[in-house]
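Asks: Take a look and give me a structure for this.
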Amino acid sequence: MAAGGVLRVFSVISGILGTVQFGIDNFASPDSSGSTIRILAGLDVDGGLQNACGDLPDVRLYNEAGNFLGISADTGKIDDGTTGEIKIKHKEDKGQQAAYALFSANNNAIYIASASITWPNGDEYGWVGDWGRECGGSWYFSNVFIQGSNHKPTFLWIDGNGEQPQTGFQIHWPGIVYWALDNGSRETFAADESIRSRIHERRQNRHNPTDNSTVISLADRLAELLVFDSEEEHSATELCLSKTSLGPDFANNDQKLFCHMSDKTLWPFCNDVYPDDCFDADLQQLVIGGKVVRDRKYANVINWGGSSKSASGAA
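Replies: Below is the predicted model of the structure:
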């Protein structure tokens with residue numbers, strides 16, 4: 001709960017996540033009719049995923065006993081690096097504490113850096129995307145700060161159309177306990193059979209392939225992006241070695257290393273020592289056997305720090 005305008009989120013995974021401070025602007029004002037959730041999207045870039053903003057997730061709330069309190073579905077889209085707000089009215093006894101939240105993705109992938117909830121009585125809790133990574137979810141670095149802190153969390157991908165494993169996640173706010181949900185267990189926490197049936201029916205209709213015939217896949221969109229960064233905490237090696245990382249190709253200017261995300265291979269920047277089988281930061285191309293790998297330029301090059309033009313110096 002918040003105190004003095006700042007919420008400190010303590011890690012239950014000792015030594016991994018540490019403590020993150022949430023500033024007061026991370027939380028919505030209390031609403032006596034229900035709970036309000038704020039979600040921060042992860043990529044803070046100009047152009048982001050080329051106008052492919054994510055769908056806000058459906059959210060279901062439950063009290064500590066697992067009784068259903070309310071649902072908000074199809075609440076719209078959210079752009080890169082922005083905050084979306086979701087209001088969920090409680091069906092009965094509006095002052096109950098929404099101890100559990102179940103987030104279920106829609107068709108367009110969303111990358112969540114943080115989430116917070118404000119209960120009807122004004123109590124506030126927060127969650128950061130680092131939890132998704134530690135619990136086996138699909139993750140990537142972010143370039144957004146948690147307001148009130150100097151922490152840039154990794155973000156968690158969720159997607160409802162099967163393009164990547166996680167279709168949702170569940171949070172126990174008071175304990176900051178997290179579970180990732182795969183395609184086979186998305187609705188298992190629904191307490192009311194009639195609610196679960198209606199959700200299942202709506203999702204079947206939403207995922208009709210004919211409705212998505214012109215939608216560009218997540219993999220195709222990510223293949224058009226390249227991220228340059230210089231932060232020590234954003235390691236290209238760490239990204240490439242992770243089985244669960246998912247996102248654009250990534251080049252760390254300080255490490256002089258490039259992670260080719262489609263096959264998780266790590267390459268040095270080209271220089272006098274590595275003139276071939278390397279990443280040319282000036283050309284923004286992977287060079288193998290004297291030939292560039294890509295047949296066209298990246299559609300969007302995202303610079304999180306340092307200049308790509310000066311990044312190809314000696315390692």
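Asks: contacts and neighbour counts: CA atoms only from here.
Replies: OK.
Asks: Show me what stretch 106-114 is in contact with.
Replies: Residues outside stretch 106-114 that contact it (Cα atoms under 8 Å, 6 or more residues apart in numbering) are 39-43, 52-58, 74, 126-130, 142, 144, 146, 153-161, 206-207, 218.
Asks: Then stretch 257-277?
Replies: For stretch 257-277, with Cα under 8 Å, 6+ apart as the criterion, the contacting residues are 223, 236-237, 239-241, 246-252, 256, 278-281, 286-290, 312-315.
Asks: Check the gap between the residue lying closest to Gly132 once chain neighbours are set aside and Ser114 for me.
Replies: In space, not counting the residues next to it along the chain, Gly132 is nearest to Leu156; the distance is 5.4 Å by Cα to Cα, 6 or more residues apart in numbering. Separation of Leu156 from Ser114 (Cα to Cα, to the nearest Å) stands at 9 Å.
Asks: what is in contact with those two at once?
Replies: Counting by Cα under 8 Å, 6+ apart, the shared contacts of Leu156 and Ser114 are Gly129.
Asks: Show me the contacts of stretch 257-277 that map onto strands.
Replies: Assignment to strands by DSSP state E places the following of the contacts of stretch 257-277 there: 249-252, 278-280, 286-288.
Asks: Now for these: which two are most distant?
Replies: Using Cα to Cα, the pair of the ones in strands among the contacts of stretch 257-277 lying farthest apart is Asn252 and Ile288, separated by 19.1 Å.
Asks: And these two? Which one has more around it.
Replies: When Asn252 and Ile288 are compared for neighbours, Asn252 comes out ahead with 26 against 13, by other Cα atoms under 10 Å.
Asks: The more buried one touches Glu233, doesn't it?
Replies: No - the pair formed by Asn252 and Glu233 falls short of the contact definition of Cα atoms under 8 Å, at 10.1 Å.
Asks: backbone phi and psi for Gly81, please?
Replies: Torsion angles at Gly81 (phi, psi; degrees, to the nearest 10) stand at phi 70, psi 20.
Asks: Count the residues that sit near it.
Replies: For Gly81, which is what you asked about, the neighbour count (other Cα under 10 Å) is 21.
Asks: ok, it to Ala73 distance?
Replies: In this structure, Gly81 lies at 22 Å from Ala73, with Cα to Cα as the measure.
Asks: Likewise for Asn252?
Replies: If you go by Cα to Cα, the gap between Asn252 and Ala73 works out to 38 Å.
Asks: ok, which stretches of the protein are helices?
Replies: All helices of the chain, identified by DSSP state H, fall at 130-134, 193-206, 218-222, 236-241.
Asks: Worst mean pLDDT among the ones you listed?
Replies: Note on the helices of the chain: lowest mean pLDDT is at helix 193-206, with a mean of 37.
Asks: What's opposite Trp139 in the beta bridge?
Replies: Leu156, Ser245 (DSSP bridges).
Asks: What of Leu225?
Replies: Asn300.
Asks: That one touches Arg296, doesn't it?
Replies: No - taking Cα under 8 Å as the contact criterion, Leu225 and Arg296 are not neighbours in contact, 11.8 Å apart.
Asks: Same drill for these two, tell me which one is more crowded.
Replies: Each of Leu225 and Arg296 has its neighbours counted (other Cα under 10 Å); Leu225 has more, 20 against 9.
Asks: Now do the contacts for that one.
Replies: Contacts of Leu225 were listed using Cα under 8 Å, 6+ apart, and they are 49, 248-249, 298-302.
Asks: Quick check: ChimeraX command selecting the buried ones in the residues you listed.
Replies: In ChimeraX, the members of the contacts of Leu225 classed as buried (16 or more other Cα atoms under 10 Å) are selected with the following command:
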select :49,248,249,298,300,301,302
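Asks: so which pair among the contacts of Leu225 is furthest apart in space?
Replies: Taking Cα to Cα as the measure, the contacts of Leu225 reach their widest spread between Leu49 and Asp249, a distance of 13.0 Å.
Asks: joint contacts of those two?
Replies: The contact lists of Leu49 and Asp249 share 222, 225, where a contact means Cα under 8 Å, 6+ apart.
Asks: Excluding covalently adjacent residues, which one is nearest to Trp304?
Replies: The spatially closest residue to Trp304, leaving aside those adjacent along the chain, is Asp229, at 4.8 Å (Cα to Cα, 6+ apart).
Asks: For that neighbour, give me the pLDDT.
Replies: Looking at Asp229, its pLDDT stands at 94.
Asks: partners of it in the sheet?
Replies: Bridge pairing for Asp229 (DSSP bridges) gives the partners Asn252.
Asks: so it makes contact with Val301?
Replies: No - at 10.9 Å, Asp229 and Val301 do not qualify as touching, with contact defined as Cα under 8 Å.
Asks: about what we covered before: give the contact list for the residue nearest to Trp304.
Replies: Under the criterion of Cα under 8 Å, 6+ apart, the contact list for Asp229 reads 250-253, 303-306.
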